[in-house]
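> structural data only, the sequence is not supplied:
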């Protein structure tokens, strides 16, 4: 243990791997059975007043027996349980038997639902079986529109035996910073009731281990002390991109009358002033909604996070680190732990503290009309207390939201609710879609009204906490789940195909698997990067101040909205988002206006094409740049326009740079902009815009294009072309780590790409729009 039954059955070759082929259908029986776990342990030799069995996570309806005696009945996957077991232990030297019976959460939930509502009656929901709302279990186990139905069971988090005479039952180092960034550190702990005197010793250590403060308090049941720390004595914790993440160690020791240490807890904390600012906006309806770190407003560019695996026992600390480091490497600074998953493990939050990732944490209620009978409310109350107490000290924790889209379900079904009680995500003023208050989930590109993705700037809000576009994963990932079945290796096959919105309306494409994958990935990359560039343009102070893409990751190998697939293989969208979220990122938007010279007639008209240019600067200092705008004929690579202007980018905001008329030309023109350092000439950021739809464009022949991809050094590629190239995606026969991908090339602008893990035998191929 930890264990989940599917993982054990796969390992024992009792069931096929549900991640391959159509085997998900073949293992549905597993979730409808009861399962028994049994283990043995010896009674501790050292005699203590108390011995507890601690269950950190039982999935979900579990009855626990110790030596044949029932000691616990659990009905909540998200809670931890502690059971005193001294009366039930065998004598020292004897073996104890621990048995846990896990009842089918699916069948039990159906029975509970029917008991409350009657036969064939359900509450409203999106995704999964309606009985899930009566069960405190991760919603995604019931299936979602990106994940399989895999109803897990088992002791999915550790079980351990604790022996003690007295212990610290809780410890909360609570940090608040004043507007001047002076700190107050309040330390509070509670202890178990014991007859003899004890003392609690508190200590604060700097990131380098130097002891800064200490205090001792005679223990009763609750002990507290407060330290006031001037601003010049602390190192501030910053979100990634703004500064460092120094972590201090706070220690609480419970000491007996003879000086023996009875118990000790340590926690890592960061000193930061973190606020969600909601204030009236001058000349605008509604209020702001932005995050402020140490008095600095920030644009939050990040991702939604679902569990990294359908089977949580597969989630190792190394995988958590790989995922979160990948997020940071992609220029992102926030992650939203979504309501249909779990309250993540401690190491997730510890890594976010270390890496400077802000965490938006949902409570575990997703897309449904949940019950509210007394026993359910009491169960949820204990769940919330368990998890808030566990994670509340983390510097990375930025916000707690009550649910995901529960009130949107209510609105869609005509259910009544009081907006003043609305504390979920999305959260708004008049309703959940109000763009002037709180956050919104913007799904009117993927579905809803299906707006063109080029219009993201018209679809914003104060904070966009969900938006997305699907894209196929890496072809190697598709081949994994096909498991050698070449007869199904085409886009419309049963094992590959998913019924998606038409993702490729903007480009020409083929129907071989590689060509179709490229088409979906290209559109996903274009869609998501466009959103970030346009919304960052509007960050000029309070107002639109964040966007979290749906989603970062997958729970199993599949086609979904994820920007990185299950095997940690980034899709092209990951890189285009990285480009858009660079500390300094230039952007352009192309506009076409028509003029009709004859009154009352639409028969004749003239078109004028203009391009607006801006740049976003996330740094806390202004930056001088040279703005170089060029126009190239698409089929020849001939440059027919160039303009250079000097500009200063304002600190921590976007700056409008230029507006130009696109020159007349018989050929389609790619308009390209580069920001250069005025001293070194180094290109800081670049961007290109083309006429759309792309499918109407005529591209150059390979002979004229002269695209070259050359290996230079052990782990580098040098790339150049004589004509503009749109959407160059590099592929590798081995899994490698790239500094960039999905490139738009400009004539005369040679690119160097770092390729970690590139071997001599690695085969490099590429695709681009043509």
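Okay, I see it. The model shown is predicted, which means the values in this text are computed figures rather than measured ones.

> give me the contact list for the helix-or-strand element of the chain with minimal mean pLDDT.
In the chain, no helix or strand scores lower on mean pLDDT, DSSP states H and E than strand 222-229, which sits at a mean of 88. The contact list for strand 222-229 (CB atoms under 8 Å, 6 or more residues apart in numbering) reads 182-191, 200, 202, 204, 212-213, 215, 217, 271. From N, CA and C alone the C-beta is placed, and that goes for glycine too.

> apply 7 Å and report the result again.
By CB atoms under 7 Å, 6 or more residues apart in numbering, the residues outside strand 222-229 that reach it are 182-190, 200, 202, 204, 213, 215, 217.

> stretch 259-271 now?
Residues contacting stretch 259-271 (CB under 7 Å, 6+ apart): 164-168, 171, 173, 175, 177, 183, 198, 234, 236-237, 245-256, 350, 353, 393, 395.

> report the buried residues of that stretch.
Of all the residues in stretch 259-271, those buried under the rule 16 or more other CB atoms under 10 Å are 262-263, 265, 267-271.

> so for it, mean pLDDT?
Average pLDDT, stretch 259-271: 96.

> one step back: closest to residue 315 among the buried residues of stretch 259-271?
residue 268 (20.9 Å; CB to CB).

> and that closest one, which helix or strand is it part of?
Per DSSP states H and E, residue 268 falls inside strand 261-269.

> that strand pairs with which strands, parallel or anti?
strand 248-256 (antiparallel) (DSSP bridges).

> what is the burial count for residue 591?
Using other CB atoms under 10 Å, the number of residues around residue 591 comes to 11.

> hmm, who's touching stretch 533-543?
The contact list for stretch 533-543, computed with CB under 7 Å, 6+ apart, reads 277, 279, 281, 288, 290, 297, 299, 456-457, 460, 462, 464, 544-545, 547, 580, 585, 587, 614, 616, 653-654.

> return the members of the residues you listed classed as buried.
By 16+ other CB under 10 Å, those give 288, 290, 297, 299, 456, 460, 462, 464, 544-545, 547, 580, 585, 587, 614, 616, 653-654 as buried.

> out of those residues, which are inside helices?
Using DSSP state H, the members of the buried ones among the contacts of stretch 533-543 that fall in helices are residue 580.

> from the buried ones among the contacts of stretch 533-543, which ones fall inside strands?
Those of the buried ones among the contacts of stretch 533-543 mapping onto strands are 290, 297, 464, 547, 585, 587, 614, 616, 653-654, per DSSP state E.

> quick one: stretch 639-650 to chain centroid distance?
From the chain centre to the centre of stretch 639-650 is a distance of 36 Å (CA atoms, centre = their mean, to the nearest Å).

> can you give me the strands in the stretch 601-750 of the chain?
Ranges of strands in the stretch 601-750 of the chain, per DSSP state E, counting those that start in this stretch, are 606-617, 623-633, 639-649, 653-661, 669-676, 683-689, 708-711, 716-720, 725-732, 737-738, 743-745.

> the fifth one pairs with which strands, parallel or anti?
Translated: strand 669-676. Applying DSSP bridges to the sheet, strand 669-676 is found paired with strand 623-633 (antiparallel), strand 683-689 (antiparallel).

> can I get those strands in CSV including mean pLDDT and mean neighbour count?
What follows is the strands paired with strand 669-676, written out as CSV (pLDDT from 0 to 100; neighbours: other CB atoms under 10 Å):
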stretch, mean pLDDT, mean neighbour count
strand 623-633, 97, 20
strand 683-689, 97, 20
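
> for residue 449, which of the ones you listed is the nearest?
Using CB to CB, the nearest of the strands paired with strand 669-676 to residue 449 is strand 683-689, at 24.5 Å.

> next, residue 483: phi, psi?
Dihedral pair for residue 483: phi 50, psi 50, per degrees, to the nearest 10.

> I'd assumed residue 23 was in contact with it.
No: counting by CB atoms under 7 Å, residue 23 is not a contact partner of residue 483; they are 8.9 Å apart.

> how many neighbouring residues does the residue nearest to residue 758 when sequence neighbours are not counted have?
Excluding its sequence neighbours, the residue lying closest to residue 758 (CB to CB, 6 or more residues apart in numbering) is residue 715, at 4.7 Å. Applying other CB under 10 Å, we find 16 residues neighbouring residue 715.

> ok, residue 715 to residue 755 distance?
According to CB to CB, to the nearest Å, residue 715 and residue 755 sit 5 Å apart.

> repeat that for residue 326.
From residue 326 to residue 755 the distance is 16 Å (CB to CB).

> please name the strands paired to the least confident helix or strand of the chain in the sheet, noting orientation.
Partners of strand 222-229 in its sheet, by DSSP bridges: strand 183-191 (antiparallel).

> so which residues make contact with the partner strand?
166, 168-177, 198, 200, 202, 204, 219, 221-229, 234, 250, 252, 254, 271.
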